[in-house]
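[1] Next one to model:
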Amino acid sequence: MIRYVQALACAVLLSAALAFAVKADPARPNIIFIMADDLGNADLGYRGGKIETPNIDKLAGEGVRLESFYGQQVCTPSRAALMTGRYPMRYGLQTLVIFPSHTYGLPMDERTLPQALKDAGYNTLMVGKWHLGHADKKYWPQNRGFDYFYGNVVGEVDYFTRERGGLIDWQRNGKFLAEKGYYTDLIGDEAVKLIDHQDGKKPFFLYFASLAPHAPFQAPEAYLEKYKSIEDKQRRTYSAMITDLDAQIGRIVAELNKKGLRDNTIILLASDNGGALSGLFASGSKSKEERAHEEGGIDQSAKAPASNAPFRGGKGSLYEGGVRVPAIVNWPGKLKPRVVNDPVHMVDVMPTLLNLAGAKGDAGHPFDGRDLWATLAEGKPSPNEDVLINVEAFRGAVRKGDWKLVKVALLPGKTELFDLASDPGETTNVADEHPEIVKDLEARLMAYAKQQKPSEWIKAQPAFVGEQGKTVLDPDFDIDDGG
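    Alright, predicted model coming up:
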């Protein structure tokens, strides 16, 4: 009888322990990351813009708004930061974007976000723009951790034909396709189908990488009609492109609700960089001949339609308008509505998500990013002591607290310090008034600079630096003493 009672007590205790374990270890979340392309900071409804974005506005109103979230200055570096949790300068992707003629890509020894999630048991899915290497199939998304890929591997393409330079850049898992339809609608259709195929037994990661509202400025007639009162054609089309993107985001959320997956899905949304303010950065890598035959193209000297107000600068710049981008995190029941003003960075996304998913990074390639969960869920301060905005051989920028340093190394050179708390538009350089702060931030920037690898873009475009820039390409060049 005593043995029976002891056995029964053990069974009860074991059952209680198991019940507690199940309760304490909730299902790992599904993850959706939505990347907009060249989205202007002031071009969303919740940010005071006049463009209709009701679905994005709802995610913002019910989620966490990251008001000092930094991407990189252009597409490729920002996507690399997301995929690795590491600053692009660590592997040579810090400068500009991969052109169609370039043969390099995200280095193969970098462990990617989808690789880590796949190893942790996630279905890994991608639709849209890759832009992290195309010349060799080893760089393609399906060889960097994605189970499924539908989209394009170069940068911009025609929204209706998916052509670039006479070639169609559009595929599903390596099979190139000639399909009818509009880019944003097609990836919206595909995302909805992929979510519909999920059974809820295995978590999934969906990377929805929109091309919109990147040039060329093209949109379906139904969305153009919404903005017929706007006289400027490119602004009208740009607005229509954003509203179409918003509609696809609404469809994704609706499908999650339909499948009963919404409560266990964390949605993150950000732009890769700020909106382009000039034709040069809106569509800079296209030749004159390509531009002449492109519907919705823009001349390099023309003003582009995005707005980054109240910030200074745009895509390609290290000022706030080029790198400080709209960002939202939404997870019903897990994250309460709040506004986070502390500086955080695209590199913080991967460690945050891996910790939620029970996944691991690569000890040999340590993260620059930090786990933001306590900041998102509890409103605790950002775990970042400083944020490297970018560093290249010829310029760099770093932020610590409300102070931001921008340094241009090309002669005659320039050092600027801004107090973003009182001057978010970076109108007044206060470097002369705060020499100790300049000294601290310069030391931090130089410490990062000494860790950078030679820029793959500059290697591919040596004319950019000329004879005096040869040392930039020499991995043995000693930054401290010049030799």
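[2] mind listing what residue 352 touches?
    Contacts for residue 352 (C-beta atoms under 8 Å, 6 or more residues apart in numbering) come out as 369, 370, 371, 372, 373, 376. In this view, the C-beta of every residue, glycine as well, is placed from N, C-alpha and C.
[3] go again using 6 Å as the cut-off
    371, 372, 373 (C-beta atoms under 6 Å, 6 or more residues apart in numbering).
[4] Could you find the closest non-adjacent residue to the last one?
    This means residue 373. Among residues not flanking residue 373 along the chain, residue 352 sits closest, at 5.9 Å (C-beta to C-beta, 6 or more residues apart in numbering).
[5] got it, and residue 306?
    residue 275 is the one closest to residue 306 (C-beta to C-beta, 6+ apart), at 2.5 Å.
[6] what's the pLDDT at that neighbour?
    What the model reports as pLDDT for residue 275 is 97.
[7] same question, residue 325
    Listed pLDDT for residue 325 reads 98.
[8] tell me the contacts of the spatially closest residue to it that is not a sequence neighbour?
    The shortest distance from residue 325 to any non-neighbouring residue, by C-beta to C-beta, 6+ apart, is to residue 271 (4.1 Å). Residue 271 is in contact with 36, 39, 325, 326, counting by C-beta under 6 Å, 6+ apart.
[9] Test my guess that residue 399 contacts residue 385.
    No. Counting by C-beta atoms under 6 Å, residue 399 does not reach residue 385; the two are 10.6 Å apart.
[10] which of these two has more neighbours?
    residue 399 (25 against 9; other C-beta atoms under 10 Å).
[11] can you pull up the bridge partners for the more buried one?
    With DSSP bridges as the criterion, residue 399 is bridged to residue 387, residue 404.
[12] Can you name the residues that contact residue 43?
    So residue 43 contacts 49, 51, 307 (C-beta under 6 Å, 6+ apart).
[13] and it, backbone torsions?
    phi -110, psi 30 (degrees, to the nearest 10).
[14] how much space between it and residue 463?
    Applying C-beta to C-beta, to the nearest Å, the value for residue 43 to residue 463 is 35 Å.
[15] which stretches of the protein form helices?
    Using DSSP state H, the helices assigned to the chain run over residues 2-24, 54-61, 75-84, 113-119, 183-196, 221-226, 233-258, 279-282, 288-292, 320-323, 349-357, 373-378, 435-449, 456-460.
[16] of the contacts of residue 271, closest to residue 74?
    Closest approach between those and residue 74, by C-beta to C-beta: residue 325, at 12.0 Å.
[17] Look at the closest one and say how many residues are nearby.
    Residue 325 is flanked by 27 other residues according to other C-beta under 10 Å.
[18] right, and it touches residue 71 too?
    Yes. Counting by C-beta under 6 Å, residue 71 is a contact partner of residue 325 at 4.7 Å.
[19] Report pLDDT for residue 466.
    As summarised for this prediction, residue 466 has a pLDDT of 59.
[20] and if you look at residue 100?
    92.
[21] Identify the residues contacting the nearest residue to it once chain neighbours are set aside.
    In space, residue 100 comes closest to residue 154 once its chain neighbours are excluded; the distance is 5.5 Å by C-beta to C-beta, 6+ apart. Contact analysis of residue 154 by C-beta under 6 Å, 6+ apart lists 100, 134, 164, 169.
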